[in-house]
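In: Provided below are the primary sequence and the corresponding predicted coordinates.
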Amino acid sequence: MSAPEGALPTSVARLIEELSKLPGIGPKTASRLTFYLLRAPDEQVNALAEAVRALKLGLVECERCCHIAESSPCAICRDEGREQSVVCVVEDPLDVVAIERTGAYRGLYHVLHGAISPVEGILPQDLRIAQLIARLDREPIREVILATNPSLEGETTATYIVRQIGDRPIRVTRLARGLPMGGDLEYADEMTLIRALEGRSEVQ
Amino acid sequence: MYLAELRLINFRNYARLEASFSPGLIVLHGANAQGKTNFLEAVAYLATARSPHASADRELVHFGAREEGLPFAHVEGRVQRADGLHHVRVSVTLGEQEGRRTQKAVVFDGRRLPLLEYIGEVAVIQFLPEDISLIVSSPAVRRRYLDVTICQIDRQYCHDLARYTEALRQRNAALRALQEQGGNPEVAWLWDEPLVRHGSYIIVRRRQIVALLDELVTRVHAELTGGRERLRLLYLPCLELGRRAAHQLSLGLRPTVWGTGRDEPTSLHDVETEFGERLRRARDEELRRGMTLIGPHRDDLRFLVNARDMARFGSRGQQRTAALALRLAEMALIAEKKQDAPLLLLDDIMSELDAHRRAYVGRALEQYEQAFLTTGDLDLLPPSLRAQARLVRVEEGRLVWER
Ligand SMILES: [Zn+2]
């Protein structure tokens, strides 16, 4: 829904259009945000613009764990104090944040960037699964914790990874089902996550 | 159970409605398009959070709601069950803009519940004028009938059905992509495990429930027809049929071979094994056709009167009687399983029935706690029924109590 030509200054119309492309934001909300910014102090608007501009500048995907970071390898991968023989496999970077917040996990991560979902056109080759398998062959990893979401897609992705790991001498575990069905790690509270990490179960 | 109070805001042609009801028969009458059917739809929506008529929830919101600045519809009620009084509110909120997502929320006893966890709290049986389509329409209509019925008495079924549907969607998308672009078929077979796990439960439950319904329906139907006809309800699972048997059935041959077989897998484990095996054997054909060919999404039901398939060989009257018998059987099944009478909603069904069947329905209703019945013509009610009913005239989205 765009305003008739000339009804709004180009800069205003452009911001409305860009904002309404964001998830969960419709044209109405986009207009409200735009007019809010128009009236906001310059410093606030500049800070936002700078934050948006800096977002992708210098951001890279860690070559080891595929987490989003300012440098590669990322801070977690560089931390030699962490347990190097355990890898926790998650769907999204925000899942890393959720687990780190608990402080209960001291191993490494691997970020898949999604889950297998043919309906959305996401196939195994679109995820960082090959990178994970390559890591298993290169690094001294003894345990893989599959922490994909307990949704149908997350479960199926876990199944796929188990098959790819095959008969490598690695212990494969799945997060315990303290998590609500269909729930995301991202939204799980810390106690639930800690319990899930403690109660993880072996996958044969 | 019975509906003690109902409150509507912006539901269909009811801008506002507040009403209290006692147990017993409540007859809604009046001219067409005044809101009789919408009233029943509201009660059904309260119980199932699904409309039997609207294809999208947004159709339920009163046309004036948006102008009024309240772009939502509320259906709220108090239901007296055997275990006490419960409060339910189902609301539909329109998206901010035309064409944006409509949201639905169910609050039961003060707690917001996911739909899957609410279904079955308030049991309802709907007799609809289009019930004949249960007999004559596509298998999808009959599967949906089974699903709605079983979901009311088994939450696990509801859960497995949702998961099965999701796994099926993923598997079909994978098969379609493989058909179009090729690739490693592993991405399709990955979904076999959830498909088999959830699908097998669906098959086992459908078989059990159809067997129960078959017993009930045969008895009810014999009474409706004065014992002249014998109605059987048969479950035709895709899993056991195979193409050859399905072909024989389509020719009207020996349809009694199902539902009685000794070699049918019966335990959940047996069904899982059989299902998995059949899926593996169908792989080549599935890749060729780009879709899942085996599973409960291809099940069907058959209605046989004196061993003749009603869908193909029944008269209109026979089909109507079979559909009525099915609803009456469903009513008995739900009452038995829930140990509490379901709410009954009968939308203008009397006009299609002869005096004998009307009298039978009247007697059946007397055994239940509460029924809402609409009619355009009060004279169609059996006198004994009319004598004990409370009468309500429906006028432009308002209820006028007459007795
Ligand atoms: Zn890293």
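Out: Cool, got the structure.
In: and the end-to-end length of stretch B:145-164?
Out: 17 Å (Cα to Cα, to the nearest Å).
In: Point out where the chain drops to low pLDDT.
Out: By default, I'm working from chain A. Across chain A, residues meeting the criterion (pLDDT under 70) sit at A:1-6, A:176-189, A:191-192, A:195, A:199, A:204.
In: right idea, wrong chain: chain B
Out: Residue ranges of chain B with pLDDT under 70: B:96-100, B:240-266.
In: need the helices for it, in chain order.
Out: Using DSSP state H, the helices of chain B run over B:36-48, B:115-118, B:133-136, B:139-153, B:155-181, B:186-189, B:192-224, B:238-250, B:268-289, B:310-313, B:316-338, B:355-366, B:383-388.
In: Serialize those helices to a markdown table and add fields for distance to the ion and mean neighbour count.
Out: Where C-beta positions appear, they are placed from N, C-alpha and C, glycine not excepted. Converted to a markdown table, the helices of chain B look like this (distance: least, Cβ to the ion, whole Å; neighbours: other Cβ atoms under 10 Å in any protein chain shown):
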| stretch | distance to the ion | mean neighbour count |
| --- | --- | --- |
| helix B:36-48 | 49 | 24 |
| helix B:115-118 | 38 | 16 |
| helix B:133-136 | 58 | 18 |
| helix B:139-153 | 46 | 18 |
| helix B:155-181 | 30 | 19 |
| helix B:186-189 | 27 | 20 |
| helix B:192-224 | 31 | 20 |
| helix B:238-250 | 47 | 15 |
| helix B:268-289 | 39 | 16 |
| helix B:310-313 | 62 | 15 |
| helix B:316-338 | 55 | 21 |
| helix B:355-366 | 69 | 17 |
| helix B:383-388 | 75 | 13 |
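In: So for A:Ala49, which of these sits nearest?
Out: The minimum distance between A:Ala49 and the helices of chain B falls on helix B:155-181, with 39.9 Å, by Cβ to Cβ.
In: elements contacting the closest one?
Out: Contact here means 3 or more Cβ pairs under 8 Å, 6 or more residues apart in numbering or on different chains; DSSP states H and E; on that basis helix B:155-181 packs against helix A:152-165, helix B:115-118, helix B:139-153, helix B:186-189, helix B:192-224, helix B:268-289.
In: What is the fourth one packed up against?
Out: Contact analysis of helix B:186-189 by 3+ Cβ pairs under 8 Å, 6+ apart lists helix B:155-181, helix B:268-289 as its packing neighbours.
In: Over to the longest one?
Out: Taking 3+ Cβ pairs under 8 Å, 6+ apart as the contact definition, the neighbouring helices and strands of helix B:192-224 are helix A:152-165, helix B:139-153, helix B:155-181, strand B:231-236, helix B:268-289, helix B:316-338, helix B:355-366.
In: Measure how far that helix is from the centre of its chain, please.
Out: Mean-position distance between helix B:192-224 and its chain equals 13 Å (Cα atoms, centre = their mean, to the nearest Å).
In: go on, stretch B:389-398?
Out: When distances are taken as Cα atoms, centre = their mean, stretch B:389-398 is centred 26 Å away from the chain's centroid.
In: For the residue lying closest to B:Gly64 once chain neighbours are set aside, give me its contacts.
Out: Nearest residue to B:Gly64, sequence neighbours excluded (Cβ to Cβ, 6 or more residues apart in numbering or on different chains): B:Ala15, at 6.4 Å. Going by Cβ atoms under 8 Å, 6 or more residues apart in numbering or on different chains, B:Ala15 touches B:9, B:62, B:64, B:397.
In: hmm, try it at 10 Å
Out: When contacts are counted by Cβ atoms under 10 Å, 6 or more residues apart in numbering or on different chains, B:Ala15 touches B:8-9, B:62-65, B:68, B:70, B:396-398.
In: As a check, name the ranges of all helices in chain A.
Out: Under DSSP H, chain A gives helices at A:10-19, A:27-39, A:42-56, A:75-78, A:93-102, A:129-138, A:152-165, A:190-198.
In: tell me the contacts of A:His113?
Out: Contacts of A:His113 (Cβ under 10 Å, 6+ apart): A:61, A:66-68, A:90-93, A:122, A:126-129.
In: same thing but 7 Å
Out: By Cβ atoms under 7 Å, 6 or more residues apart in numbering or on different chains, the contact list for A:His113 reads A:66, A:92, A:127-128.
In: just B:Val148 next, same as before
Out: Counting by Cβ under 7 Å, 6+ apart, B:Val148 touches no other residue.
In: of all the residues in chain A, which ones are close to chain B?
Out: Near chain B, the residues belonging to chain A are A:26-28, A:116-119, A:123-124, A:152, A:156, A:159-160 when assessed by Cβ under 7 Å from any Cβ of the partner chain.
In: Show me where the stretch 1-150 of chain B has its strands.
Out: Under the criterion DSSP state E, counting those that start in this stretch, the stretch 1-150 of chain B contains strands at B:2-11, B:14-20, B:24-29, B:72-81, B:84-93, B:103-108, B:111-113, B:124-127.
In: Next, format the ones you listed as TSV and append distance to the ion.
Out: Shown next, in TSV, are these (distance: least, Cβ to the ion, whole Å):
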stretch	distance to the ion
strand B:2-11	53
strand B:14-20	59
strand B:24-29	67
strand B:72-81	47
strand B:84-93	42
strand B:103-108	39
strand B:111-113	39
strand B:124-127	55
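In: According to the record, where do the domains of chain B fall?
Out: B:2-123+B:340-401, B:136-316 (automatic domain parsing).
In: quick revisit: chain B: which of the contacts of A:His113 is nearest?
Out: For the contacts of A:His113, the residue nearest chain B by Cβ to the nearest Cβ is A:Leu127; the value is 11.5 Å.
In: Contacts only, for that closest one.
Out: Contact analysis of A:Leu127 by Cβ under 7 Å, 6+ apart lists A:112-114, A:116.
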